[in-house]
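Novice: This is a predicted model, with the sequence first.
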Amino acid sequence: MRIISLPFIFFAVGILIVSCESPKRGQEDQKDLKELQGTWQLISGVVDGKELPDEEVKNTQIIIKDNTFVLPNESGVGTSPKGTFIIYPNADPKQVNSTTTDGPNIGKVSLGIYEVEGDNQKTCFGPPGGFRPTEFSSTPGSGKILQVWKRVNP
């Protein structure tokens, strides 16, 4: 009779739990990812505690396709003009990791949180390569970027 070690049993049970949870996580990811698709108009923005000028807000859109994004007017209100992202919708608050693929912060990851409800989206990011915010706010000296978006109807 063979004796199975206790660490092996814990490992096997852990794999079983993760594999049972993965389909649910994948479904949640896909649901939120689908809701994020499309063109969004910036409604308001605060960078390091300072409200963005109305003209800059009005000229800022983001286009999300699959897990990529682009700010076509390069307004400077985001963490980068172009990049990829990964979402974690089961976290509380929901989390997003954004990787810059263009501009001065190329290759850097910005950690953020997000909410999406229908045609409304809110994000808050720490500085590129920095911390993840825990709440939707941007105060002077925080380095955080707070953005409120509304979906643009085709």
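Specialist: Structure's in. What do you need?
Novice: Identify each buried residue in the helix or strand containing Thr123, please.
Specialist: In the assignment (DSSP states H and E), Thr123 maps to strand 120-125. Neighbour-count burial for strand 120-125 flags 121-125 (criterion: 16 or more other CB atoms under 10 Å). In short, each C-beta sits where N, CA and C put it, glycine included.
Novice: Turn the residues you listed into a markdown table, including distance to Gly143.
Specialist: Formatted as a markdown table, the buried residues of strand 120-125 follow (distance: CB to CB, whole Å):
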| residue | distance to Gly143 |
| --- | --- |
| Gln121 | 21 |
| Lys122 | 18 |
| Thr123 | 15 |
| Cys124 | 11 |
| Phe125 | 9 |
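Novice: now, which of those sits nearest Val148?
Specialist: Nearest to Val148, judged by CB to CB, of the buried residues of strand 120-125 is Lys122 at 5.2 Å.
Novice: OK, contacts around the closest one?
Specialist: Residues near Lys122 by CB atoms under 8 Å, 6 or more residues apart in numbering: 114-116, 136, 146-149.
Novice: at 10 Å what do you get?
Specialist: 43-44, 93, 113-116, 136, 146-149 (CB atoms under 10 Å, 6 or more residues apart in numbering).
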